[in-house]
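*Asks:* have a look; sequence and predicted model below, questions after that.
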Amino acid sequence: MVSLFALKATYGVGMEDKDSGGEWTPEQVLTLITLVASSGWPTTEPEHDNYFQRLGLRQLPGASQEGKSPTIVGGILADSASSTPLGSWMTYEDKLVGISLFLQQGEHRPATRTSDVFGSIHSLIRAGFGEPLDDTVQPSGNASALWKVNGTAIELYSHLKPPAAVQVGLTNIERTSAVERPSATGNL
């Protein structure tokens, strides 16, 4: 398992080193993605807190919510140094399935800034993990890309309609399939 310390030494970036606006830099996003793609996903509820701490994230207290079935649980994540919601997590039978983060979000963010951040993160992921399996830009300017690395799906989105945001989705491919099978049959 790769530690955040090792990633910081390799990439020169730590999750605690936010840019001057308190937002994550593209390099910090790559560090997070690399850590998730190179480490094992937690398989029990007690492991979740330690895992999120290694990622520079924390679960907001009282934010857990059960899904359509008691086997699906989710909650809200924040940056380790903030109480502002940054994204969400989901488990299936206590196993972490996915993390979704919304970066550079806000009603008054210029779409060009969002596009630039998306492009920077996209370039870094491509340099680290190769060409995406899917890479789409819609006429509206919204964009998405997908990579699959070591059993982890890495999804990157640029949402330009206010509130503009860059979204990073990280999911365990095998566990996502386990959630989708009963969902497709209506057995959740």
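*Replies:* Great, that's in hand. On a predicted model such as this, the values are computed, not experimentally measured, just so you know.
*Asks:* number of nearby residues for residue 101?
*Replies:* 23 (other Cβ atoms under 10 Å). Using the backbone N, CA and C atoms, a C-beta is placed for each residue, glycine as well.
*Asks:* tell me how far it lies from residue 79.
*Replies:* Here residue 101 is placed at a distance of 9 Å from residue 79 (Cβ to Cβ, to the nearest Å).
*Asks:* list residues touching both of these two?
*Replies:* residue 86 (Cβ atoms under 8 Å, 6 or more residues apart in numbering).
*Asks:* so the closest residue to residue 50 other than its chain neighbours, which of the three states?
*Replies:* Sequence neighbours aside, residue 42 is the residue nearest to residue 50 in space, at 7.8 Å (criterion: Cβ to Cβ, 6 or more residues apart in numbering). Reduced to three states with DSSP: H, G, I helix; E, B strand; the rest coil, the structure at residue 42 is coil.
*Asks:* tell me which element residue 180 is part of?
*Replies:* Assignment of secondary structure by DSSP states H and E places residue 180 within helix 173-185.
*Asks:* check which element follows the strand of greatest length in the chain along the chain.
*Replies:* Secondary structure of the chain per DSSP state E: the longest strand is strand 95-106. Downstream of strand 95-106, the first helix or strand assigned by DSSP H and E is helix 111-129.
*Asks:* buried set for that next one?
*Replies:* By 16 or more other Cβ atoms under 10 Å, the buried positions in helix 111-129 come out as 111, 114-115, 117-118, 120-122, 124-125, 129.
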